[in-house]
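**Q** Below: sequence and its predicted model.
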Amino acid sequence: MKVHNDSNFLIYFGDDSESVKLSKEDLHNNLKEVLLGIQQKINAKGSVFLKQVHGTNGIVVSKESKLKYPLDIPDEHGDIIITDRDEVGIGILTADCLPVVFYDRSKHVLAVAHAGWKGSVAGVSKRTLQMMHDRFKSDPADIEVHFGPAARSCCYEVQRDFLKHLSRTDIDHEHCLMHRKGKLFLDLSKFNKHQLVNLGVKEQNIQLKHHECTICNINYCSYRRDKEDANRQVTLAMLK
């Protein structure tokens, strides 16, 4: 695991050593068992997760929200959680998809987004910024962004027909593709970075310190490497 510990917020990037078995029948209990240890390490009162669907919907966990402790998984399906509430973790589960954490230093608002290629193409990063603005008047220029462990361009091979998905976006996707030995590789973080910068996030505010490759680093869960046997690692962010 890796921890980004700021005076105002904390991000816990988990790995395969404390991963979650993704079971629709028992996801709540599997996740709860792993989270109890993580919450104790970071002094979180509880955590909120969604049923992820590779989309652009999400929820706001406000100071007035009634939560179930130690783990709340609302009925909503979504890939974005935003909060202004201290000491409550907001999290996502990944195994190659990109975990993106947003922090607005001006408004003291935190968000997490689950950005696989489908969500990235659909604009999940853009939607997160829009939700933060609509609810808390966040300005992209005040927001810092942290990318967590995910499939990187060293290993994230895609086929030529994949380009049709990228062509539907307004991003110059050629800058997000690597050509090596006749093969094509996707740089998912660069794709999201371009989206964020185009929307007003300052490039120097986008942090890659914890953005390791989940495919070639066996300490992380990877669906591409392990297929159906892959667990999911936890990214948990919390305001202080």
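**A** All right, it came through fine.
**Q** buried sites along the helix or strand bottoming out on mean pLDDT in the chain?
**A** Ranked by mean pLDDT, DSSP states H and E, the helix or strand of the chain with the weakest confidence is helix 163-166, at a mean of 90. By neighbour count on 16 or more other Cβ atoms under 10 Å, the buried set for helix 163-166 is residue 166. The C-beta positions use only the backbone N, C-alpha and C, and glycine is treated the same way.
**Q** List the contacts of it.
**A** Residues from elsewhere that reach helix 163-166 (Cβ atoms under 8 Å, 6 or more residues apart in numbering): 117, 121, 173, 176, 177, 191.
**Q** can you do 6 Å?
**A** For helix 163-166, the surrounding residues in contact (Cβ atoms under 6 Å, 6 or more residues apart in numbering) are 121, 173.
**Q** Show the subsequent helix or strand relative to it.
**A** Of the helices and strands lying after helix 163-166 in sequence (DSSP states H and E), the nearest is strand 177-180.
**Q** pLDDT below threshold where in the protein?
**A** Within the chain, the set of residues satisfying pLDDT under 70 comprises 24-25.
**Q** Which parts of it are helices?
**A** For the chain, the helices defined by DSSP state H cover 27-42, 117-122, 124-136, 163-166, 188-198, 223-226.
**Q** what comes into contact with the second one?
**A** The one in question is helix 117-122. Contacts to helix 117-122, defined as Cβ under 6 Å, 6+ apart, come from residues 54, 56, 79, 165, 169, 191, 192.
**Q** Determine how far it lies from the middle of the whole chain.
**A** Taking the mean C-alpha point of helix 117-122 and that of its whole chain, the gap between them comes to 12 Å (Cα atoms, centre = their mean, to the nearest Å).
**Q** Check the burial of residue 14 by counting its neighbours.
**A** A count of neighbours around residue 14, defined by other Cβ atoms under 10 Å, yields 27.
**Q** picking up where we left off before, any idea how far the least confident helix or strand of the chain is from the middle of the chain?
**A** With Cα atoms, centre = their mean as the basis, the distance from the averaged C-alpha position of helix 163-166 to the chain average is 22 Å.
**Q** And for stretch 230-240?
**A** Centre-to-centre, stretch 230-240 and its host chain are 8 Å apart (Cα atoms, centre = their mean).
**Q** Closest to the centroid, which residue in the protein?
**A** Centroid-nearest residue in the chain, with Cα atoms, centre = their mean: residue 99, separated by 2.1 Å.
**Q** check contacts around that one.
**A** Residue 99 sits next to 92, 148, 235 when contact means Cβ under 6 Å, 6+ apart.
**Q** what does residue 67 give?
**A** By Cβ under 6 Å, 6+ apart, the residues touching residue 67 are residue 46.
**Q** Phi first, then psi, for it.
**A** Torsion angles at residue 67 (phi, psi; degrees, to the nearest 10) stand at phi -120, psi 150.
**Q** Please tell me how far it sits from residue 132.
**A** Using Cβ to Cβ, to the nearest Å, one obtains 20 Å as the distance from residue 67 to residue 132.
**Q** In space, what's closest to residue 212 - neighbours in sequence excluded?
**A** In space, not counting the residues next to it along the chain, residue 212 is nearest to residue 149; the distance is 4.7 Å by Cβ to Cβ, 6 or more residues apart in numbering.
**Q** burial of the one you found, as a residue count?
**A** For residue 149, the count of nearby residues is 27 (other Cβ under 10 Å).
**Q** do residue 86 as well
**A** 15.
**Q** That one bridge partners, please.
**A** According to DSSP bridges, the residues that bridge with residue 86 are residue 239.
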